[in-house]
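K.L.:
need the 3D shape of this:
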Amino acid sequence: KYEGDVTLDESTGVVTRKGIDVSRFQGKINWKKVANDGIDYAYIRLGYRGYGSGKIVIDDAYEYNIENANAAGLDTGVYFFTEAISEREAIEEAEYVLENLEGQSIDLPIVLDVEESASSDSRTKDLTKEQRTDAVIAFCERIKKAGHDVMIYGNTKSFLIMMDMER
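P.N.:
Reported below is the predicted structural model:
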């Protein structure tokens with residue numbers, strides 16, 4: 001399925017590809033240059049929920065990035081930074097992602113970015129592991145119901161402390 005530069009580790013059989021994740025923080029990207037630099041895929045931030053306000057916001061560079069990454073021939077996927085404090089809010093985030101994907105083409109799973117907010121006044125700071133897990137599952141189930149593959153992105157703390165990965 002994959003074209004471009006892939007590396008096969010003969011000892012493990014693992015195939016690796018070069019990818020990047022981007023948001024408005026990278027500025028205006030020259031996607032042709034990215035593709036010519038050996039990058040195979042890009043994950044583009046579609047949006048996020050404000051850590052204090054709870055408002056869902058589109059990433060300022062989302063449309064430019066998705067359209068131009070696709071035009072440059074990269075495989076694309078999108079991610080959403082969650083600050084959902086309930087299953088209802090997680091489903092709202094999933095619906096937002098699905099609405100903003102209309103008319104766009106993606107090749108990779110939709111990703112829910114689950115990380116601790118850097119702000120001490122984050123609305124999710126007091127969530128229990130069970131509450132966060134319920135919200136993550138709700139998002140993932142809604143995305144799967146719409147016919148997309150879904151993944152969770154996080155760090156060690158996300159997976160070992162903030163969520164119940166058994167569930």
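K.L.:
verify the contact between residue 90 and residue 136 for me.
P.N.:
Yes - with contacts counted by C-beta atoms under 8 Å, residue 90 reaches residue 136, the gap being 6.9 Å. No exception for glycine: its C-beta is placed from N, CA and C like everyone else's.
K.L.:
which helices and strands sit right next to the longest strand seen in the chain?
P.N.:
Across the chain, the longest stretch assigned as strand under DSSP state E is strand 41-49. Applying 3 or more C-beta pairs under 8 Å, 6 or more residues apart in numbering; DSSP states H and E, one finds that strand 41-49 contacts strand 19-22, strand 56-58, helix 62-71, strand 75-81, helix 87-101, strand 110-113.
K.L.:
quick check, pLDDT for residue 89.
P.N.:
Residue 89 is assigned 97 on the pLDDT scale.
K.L.:
mind putting the helices and strands packed on strand 41-49 into CSV with distance to residue 141?
P.N.:
As requested, these are exported to CSV (distance: least, C-beta to C-beta, whole Å):
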stretch, distance to residue 141
strand 19-22, 24
strand 56-58, 19
helix 62-71, 24
strand 75-81, 15
helix 87-101, 8
strand 110-113, 11
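K.L.:
and of the ones you listed, who's closest to residue 46?
P.N.:
Shortest distance between residue 46 and the helices and strands packed on strand 41-49, using C-beta to C-beta, is found for strand 75-81: 4.2 Å.
K.L.:
strands paired with that closest one, and their directions?
P.N.:
strand 41-49 (parallel), strand 110-113 (parallel) (DSSP bridges).
K.L.:
quick one, it and helix 62-71 angle?
P.N.:
Strand 75-81 and helix 62-71 meet at an angle of 160 degrees, taking axes from the mean of the first three to the mean of the last three C-alpha atoms, to 10 degrees as the criterion.
K.L.:
in strand 75-81, what's buried?
P.N.:
The neighbour-count criterion (16 or more other C-beta atoms under 10 Å) identifies 75-81 as the buried residues of strand 75-81.
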